Every structure is written in structure tokens, then in C-alpha cells.
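Asker: turn this into a structure:
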Amino acid sequence: MLALIVAGSGCKKEDENLNREIVGLGGDKWAETTLDKWLFTNFTQPYNLYVKYRWDGTEYDNSKTLTPVKYEKVQPLMEVVKGSWIDPYTAEAGADFIKKYSPKQYVLVGSLQYNSGGTVTLGEAEGGVKVTLFNVNNFDKSERSVAKRVLKTIHHEFTHILNQTITYQKEFQQITPSGYTADWNNSTGFAANGFISQYAQAAPGEDYAEMVSIMLTEGKSGYEALLKANTSTTAVSSIRAKEALVVAYFKQTWGIDFYGLQTRVQKSFNDLSPINLSPYLGFGKAFSSVNINPVTTTGLSDEFTTAYSNAKTALLALNTTAKYELDNMTITFTSATEMQMKVNFHATAGTATGTAYTGLFTHTYAATGNQVTFTATTRDAYANVIATAVAPLTGYFVQSPLLLDYFYTPDMRVEYGGFRKTTNAASFTYGVLGN
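Answerer: The predicted structure is shown next:
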């Protein structure tokens, strides 16, 4: 049996009312509810996966004090399970993949399982057949951190099941061999030692499951933020090496594009438990720039593409000898109050044919939560030359406050970052996040 265990502390409350019927000892009969029908339609019928939420004492460790699940917590939690675990895998590997490799039973427990040594168990996978999820009664889909812990547990335990079916590369445990310890919960400095989490130090198998589950539940931006916060280049190199083996394992063993799976998980998770981009995009954050190019990045809003097209046409007519072609633009947060907009173009005719130029438009900005307001300040020489021609484009970003937001390609292959107008949700632009 494999378990996801985390360090923690807590107290147990004894049941004061013992003068009542004990259920879950067998022979109990239950009337089918709307929830039962929903679970059957979404899990049992399509995937042969049974969700057990009613108390059954035979399913648990009787030496532990555990609490039954609250009825109203079940469907919200299982919506996340389906949307951010089953659906992404199904989209990447087909419905038969989940039917074949998923556990046949999910058992839900209301409380945490407390262990000796101050740790708590969040989930357990038993022989690839059953997964037990604890702490369900504290689940709240609207609380991103709470929902993320549950989703991480699900992906962690499913990784164990995949690894039990076909083991991961032996090279994985050789990347940080001296860092594994049975006393992981008392170990400090896991990040500096090349581990993605404290629990990853417990054993190579746990390290592998932690890599997979954290990359999937954090998404590209959250994962990159974790690595950027790590000040040890050696440690980051070790984590990157583990990442490469994970990506190769999923592709070579299961035919799954891991980064595509990561994008699908994040898109679904962001829809179910919304998050904005502000923690990850900005000065000193995981990403500080957005490169926008409507030629290579499709799906931008009509208002923005019209502004870009008008700027492109005007720029081409600006100099009939050089015939400047608009290439792309990059917005970079260069300080806590300054943004630089680089408009990149090149000459397509005359003696300067092929020569690349950049017009630099500097702005100040004010950030409030997920909202930024840009104010144009200065321009360099090239920006002065093209300012009038590209005014429809540069003006798009200063007409109203903008929201930082995630965007995805229709095929869910790529995650982008960008800006949405506060005055018109249908007006937006996005591009490749960079440093």
C-alpha cells in the first residue's frame, strides 16, 4: 500500500454520544439518492469506478479515529476528480486508458488520518485497486489551496498505480540518491537538495509521484514559480533532470504528451477553482514578459486583431522605400512600476531589407490584485518614428484597466498568459510567457 503522507499536527475529538446504532457493520440498506445516480452516471457506468462515501468500518484502519463523509461534500469533490483527473487523461490517452488503469474504487473519509510521528495521511493507493481520500469534509472547491491538496493527492496516488503497472526509469533515483530519508518530515532544506517537496525525500517512488502531481496541479506557471524561488542552481538542475525523465516516461510508456496533460489539468482546474495570473506574471515573478504574435498565436479577440492589423497596414505605408513589416510585440515588466512595450519590425525593401528594429515604448503601471493600468511615458528614437502608425496597437493597452488572465488554445496543447479588458470581457490578447 502506498500513501501520501504529510507532516502536520492535530488533535482527535472523541465521540461523546455512544448510545446509538453503529452503522457500517454489514447488512445496512440505503435508498438510492440523486447523488448515487450522479456518481453512477459519471464514474461507475463509463469507467467501472465505484465511489464509496457511506461509512463502512471494514474499509478503514480500526486503530485510527476517523469521521464519516458529509453528504454535501461528495459531488463537489468528485467534480474536481472527474474534470481535472479523468477528463484530461481521457483526452490525451482515450477513455480505455482510465477504464484499464484507474482504481476500481474510491473510498472517501471525512477526516484526516493521524499517524505517529506527527504526520497525517491524505490518501492511500492499495494495489492499484482502491484509493482512499481523507479530509473530504474540509473540501471547498472555491478555496484553491484546499482543492489543490485534494487534486494533488489524486494525481499522486494514480502515479503510484501507473508505476506499479510499468515501473519508471532506474536513472531517476540516481539523480539525488543521498537525499532520501525515512525521517523526511524532520528534514529541512529539501529544495536545496533537489527535491520538489518535503515528502519527495521519503523514497524514490514518492519523489516520482510528487514530481508528477505537483507539475500537474501547479501547472506550468506555478511549477516554474517554485523553481524560480529555488536559489540553488544545482538543485534546480536536479529537479529539471527528474522532470525530463517524467516527461519521457509518460511519452514512451503511455504515449501521453505530459505537457499537454498538464495544460488540460490546469484548464479544467482553473475553470472549477478559478485562479488569476497575477501571482506568476510581473516583475520578479516566475514570468515577467508576454510575447504577442497573432501570426503564430491564433484565437485573439476581434478588437485586438483589428488594432494589430490596422497598425500593421499603417506601418507598411509609413516608409514606401523600406516598407516596414510588423513582426510581433513584447510586454515586459521591468520593475515594480515600469513596463516596457517592444514593437518589433523589419524592413522588407530597399537597402535595409531584412534589417530588424525595435520601437521601445515605456509605461508606468499600477497593479491592484489581478488588475493593471498602463500609462504611456517615454519613447526611444525608433518608437518615435513608428508611433503614429502603430497607435492603434499601443493604444489598445492604455484605453482601460486590464486583467491578467490565462488563455488556452482550442486543442488544449498550450497555456498562454495575457490581458483582458475590464470594460469588455470579449476583448483580450495573449501570448507566450517568458522571463
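Asker: could you measure from P274 over to Q266?
Answerer: 12 Å (CB to CB, to the nearest Å). Where you see a C-beta, it was placed from the backbone N, CA and C, and this is true even at glycine.
Asker: so for the biggest strand by length in the chain, mean pLDDT?
Answerer: Assignment by DSSP state E gives strand 356-368 as the longest strand of the chain. The average pLDDT for strand 356-368 rounds to 97.
Asker: any idea whether V290 is helix, strand or coil?
Answerer: strand (DSSP: H, G, I helix; E, B strand; the rest coil).
Asker: I misspoke; the intended subject was N328.
Answerer: N328 is classified as strand under three-state DSSP.
Asker: doesn't N344 make contact with it?
Answerer: Yes: the criterion here is CB atoms under 8 Å, and N328 meets it with N344 at 5.3 Å.
Asker: quick revisit: quick one: list the elements packing against the longest strand of the chain.
Answerer: Applying 3 or more CB pairs under 8 Å, 6 or more residues apart in numbering; DSSP states H and E, one finds that strand 356-368 contacts strand 324-333, strand 338-347, strand 371-379, helix 381-386.
Asker: what about 10 Å?
Answerer: strand 324-333, strand 338-347, strand 371-379, helix 381-386, helix 391-396 (3 or more CB pairs under 10 Å, 6 or more residues apart in numbering; DSSP states H and E).
Asker: which one of those lies nearest to A241?
Answerer: For the helices and strands packed on strand 356-368, the distance to A241 is smallest for strand 324-333, at 29.5 Å, taking CB to CB.
Asker: each with direction, which strands does the closest one pair with?
Answerer: Paired with strand 324-333 in the same sheet, following DSSP bridges, are strand 289-292 (antiparallel), strand 338-347 (antiparallel).
Asker: reformat the ones you listed as JSON lines; add distance to A182.
Answerer: Formatted as JSON lines, the strands paired with strand 324-333 follow (distance: least, CB to CB, whole Å):
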{"stretch": "strand 289-292", "distance to A182": "43"}
{"stretch": "strand 338-347", "distance to A182": "49"}
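Asker: how about a markdown table for those strands, with mean pLDDT and mean neighbour count added?
Answerer: Converted to a markdown table, these look like this (pLDDT from 0 to 100; neighbours: other CB atoms under 10 Å):
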| stretch | mean pLDDT | mean neighbour count |
| --- | --- | --- |
| strand 289-292 | 98 | 20 |
| strand 338-347 | 98 | 20 |
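Asker: now the helices and strands packed on strand 356-368 in CSV, with distance to E157?
Answerer: What follows is these, written out as CSV (distance: least, CB to CB, whole Å):
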stretch, distance to E157
strand 324-333, 38
strand 338-347, 43
strand 371-379, 38
helix 381-386, 54
helix 391-396, 46
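Asker: what about V81, which helix or strand?
Answerer: helix 71-81 (DSSP states H and E).
Asker: and if you look at H160?
Answerer: Following DSSP H and E, one finds H160 within helix 144-165.
Asker: what is the mean pLDDT for that helix?
Answerer: Taken as a whole, helix 144-165 has an average pLDDT of 90.
Asker: buried ones in it?
Answerer: Using 16 or more other CB atoms under 10 Å as the test for burial, helix 144-165 gives 147-163.
Asker: what of stretch 182-202?
Answerer: The neighbour-count check on stretch 182-202 (16+ other CB under 10 Å) flags 184-185, 187, 190-191, 193-202 as buried.
Asker: can you give me the strands in the stretch 1-150 of the chain?
Answerer: For the stretch 1-150 of the chain, the strands defined by DSSP state E, counting those that start in this stretch occupy 2-7, 50-52, 105-108, 113-114, 119-126, 130-133.
Asker: give me the sheet partners of the longest one and which way each runs.
Answerer: Think strand 119-126. strand 2-7 (antiparallel), strand 113-114 (antiparallel), strand 130-133 (antiparallel).
Asker: repeat for the second one
Answerer: Sheet pairing of strand 50-52 (DSSP bridges) gives strand 105-108 (parallel).
Asker: got the contact list for the partner strand?
Answerer: 39, 43, 48-56, 59-60, 68-70, 73-74, 77-78, 81, 123-124, 126, 129-137, 139, 154, 157 (CB atoms under 10 Å, 6 or more residues apart in numbering).
Asker: among the residues you listed, which ones are buried?
Answerer: 39, 43, 49, 51-53, 55, 60, 68-69, 73-74, 77-78, 81, 123-124, 126, 130-137, 139, 154, 157.
Asker: how about the helix ranked longest in the chain: buried residues?
Answerer: Among the segments of the chain that qualify as a helix by DSSP state H, the longest is helix 204-229. Counting neighbours by 16+ other CB under 10 Å, one finds that the buried residues in helix 204-229 are 204-226.
Asker: that helix - what's its average pLDDT?
Answerer: 95.
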